[in-house]
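Participant: could you look at this predicted model? Sequence included:
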Amino acid sequence: MIRVQREDFDVGAEMRALTVGNTGIGGLASFVGLVRDMAGGTGDSAMTLEHYPGMTERLLREIDDEAHRRWPLEGSMVIHRHGRLEPGEQIVMVLTASAHRQAALDSCAFLIDWLKTQAPFWKLEETPEGASWVEARASDDEAAARWAKPERDG
Amino acid sequence: MKLLYFAWLKQKIGTDAEEIALPDEVNDVAGVIAWLKTRGDNYATALKDDAVVRVAVNQTYAKRETPVSDGDEVALFPPVTGG
């Protein structure tokens, strides 16, 4: 499942909601992204996340479906926030649940790597020098590329 | 056609959305970008380095050769930076 929202989320509550009543789950992996303070600890570097309503949900659903095709998952939850966020706030959460840890850990890494290079979000950073759009990083593309499937014939 | 712009493309062009009548000779994504550049300095500046611009047609990532027609929603945006 996926959610795109302005409000904060409770990771513990999301974990319980994902696992309650399913004793087939043996491993639950999580990733939580936070707003990092880019202004050297002054707490002065909030950011605003813009997104493309409609396409964002569609892309996240596609990525989530792909994770379920690739790994034997018992459940998953992706939450991404938008709007203005202060340093220390939660931006994104990925939870994946499976019978065994490897599928949970790998699919969680896949989801966050893929999301970072595909989901239509853009960060506008406020710094003491003014607002600037965060540039995409080649290292994020490389992280996502390790999940690319080899092209097959037929 | 509905055109949408995000992040710095929106700022440089000066609007986030517009309805346009597509000229007959424009029939793919590359054609839309080339035509937009002729519509004013704001477009020309925003699309100067158009190789970095990502395009979605009807909310699906598109290539430069993806066909477009008048009823489509076409979005132009920089590489994404979420997560």
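Facilitator: That came through, no problem.
Participant: mind checking the SS state of the residue in chain B that chain A sits nearest to?
Facilitator: Minimum separation of chain B from chain A (Cβ to the nearest Cβ) falls at B:Gly82, amounting to 2.7 Å. All C-beta atoms are positioned from the backbone trio N, CA, C, and that covers glycine. Here B:Gly82 is coil, with the state taken from DSSP: H, G, I helix; E, B strand; the rest coil.
Participant: what of A:Lys123?
Facilitator: strand.
Participant: apart from its chain neighbours, what residue comes closest to it?
Facilitator: Nearest non-adjacent residue to A:Lys123, counting by Cβ to Cβ, 6 or more residues apart in numbering or on different chains: A:Val134, 4.0 Å away.
Participant: for chain B, see how far away A:Met38 is.
Facilitator: From A:Met38 over to chain B the distance is 13 Å, taken as Cβ to the nearest Cβ, to the nearest Å.
Participant: can you get me a residue count around B:Tyr43?
Facilitator: 19 (other Cβ atoms under 10 Å in any protein chain shown).
Participant: what's the helix or strand harbouring A:Asp141 in contact with?
Facilitator: Using DSSP states H and E, A:Asp141 sits in helix A:138-145. Residues from elsewhere that reach helix A:138-145, judged by Cβ atoms under 8 Å, 6 or more residues apart in numbering or on different chains: A:113-114, A:116-118, B:83.
Participant: likewise stretch A:2-16?
Facilitator: For stretch A:2-16, contacts defined as Cβ under 8 Å, 6+ apart pick out A:28, A:30, A:32, A:51, A:53, A:56-57, A:60-61, A:64, A:77-83, A:89-90, A:93, A:95.
Participant: pull out the buried residues from these.
Facilitator: When neighbours are counted using 16 or more other Cβ atoms under 10 Å in any protein chain shown, the contacts of stretch A:2-16 contain these buried positions: A:28, A:30, A:51, A:56-57, A:60, A:64, A:77-82, A:90, A:93, A:95.
Participant: contacting chain B as well, which ones from the residues you listed?
Facilitator: Counting by Cβ under 8 Å from any Cβ of the partner chain, A:51, A:80 from those sit close to chain B.
Participant: what residues does chain A put near chain B?
Facilitator: Contact residues, chain A versus chain B (Cβ under 8 Å from any Cβ): A:33, A:49-52, A:54-55, A:58, A:80, A:91-92, A:112, A:115-124, A:133-136, A:140.
Participant: helix or strand with the lowest mean pLDDT in chain A?
Facilitator: Sorting the helices and strands of chain A by mean pLDDT, DSSP states H and E puts helix A:138-145 at the bottom, at a mean of 86.
Participant: list the buried residues in that helix.
Facilitator: Of the residues in helix A:138-145, A:140, A:143-144 count as buried by neighbour count, 16+ other Cβ under 10 Å.
Participant: quick one, what contacts the residue of chain B closest to chain A?
Facilitator: Shown in contact with B:Gly82 (Cβ under 8 Å, 6+ apart): A:49, A:51, A:80, A:91-92, A:115-116, A:119-123.
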